[in-house]
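Undergrad: I need the structure of the sequence given here:
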Amino acid sequence: MKLKATLVLLIALGTGAGAFTWRAVRSSPETAVREPELRWLQREFALSDDAVLRIAELHRRYTAECEPMCEELQASYAEMRRLMAGGRRMTPELGSALNRSNKIVGECQHRMVEHFYAVAKEMPPAAGERYLALMTPIATHPEQGWMKVAP
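TA: Residues are numbered from 1 along each chain as shown. Predicted coordinates for the structure are as follows:
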């Protein structure tokens, strides 16, 4: 009798673990829009589940590209601070560090605008136009949003 009870318990635990794992790894609209910005986007622009799934994939790819660039920019700014703390004039090293940071900022801005256009393309035309109108100030004024860097 104990063997039968143990066997039933093991089967139940295995089934439960399998169901939990399946639920955790399966791809569905519910899991694709966990990010608050994607939930907002879906509500604000009345997007279908299919559209938000495509946008979620664009968002994941963009974030994966953007994060290392942000780290690179942080390192560039740290180098500039270090060089500026060591002197009272522009040096070739400081000029190079400044050029590197400007190049990174330009690349970030370029990728951001490409991302905004890609997202807008996944929306109905009127929603895409409204989305681009909302995103243009973010892309054109980095100092007010995406480029705020901790000291």
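Undergrad: how about stretch 65-79: buried residues?
TA: Neighbour counts using 16 or more other Cβ atoms under 10 Å place 72-73, 76-77, 79 of stretch 65-79 among the buried residues. From N, CA and C alone the C-beta is placed, and that goes for glycine too.
Undergrad: sorry, that was for stretch 128-144
TA: Of the residues in stretch 128-144, those scored as buried under the neighbour-count criterion (16+ other Cβ under 10 Å) are 128, 131-132, 135, 138-139.
Undergrad: with stretch 55-65 instead?
TA: Buried residues in stretch 55-65, counted by 16+ other Cβ under 10 Å: 55-56, 59, 62.
Undergrad: need phi/psi at E35.
TA: When read as degrees, to the nearest 10, the backbone of E35 gives phi -70, psi 130.
Undergrad: same question but for G86, I mixed them up
TA: Torsion angles, degrees, to the nearest 10, at G86: phi -90, psi 0.
Undergrad: report pLDDT for it.
TA: On pLDDT, G86 comes in at 83.
Undergrad: which residues touch it?
TA: For G86, the contact set (Cβ atoms under 8 Å, 6 or more residues apart in numbering) is empty.
Undergrad: tell me the domain boundaries of this protein?
TA: For the chain, the structural domains run 1-32, 35-144, going by automatic domain parsing.
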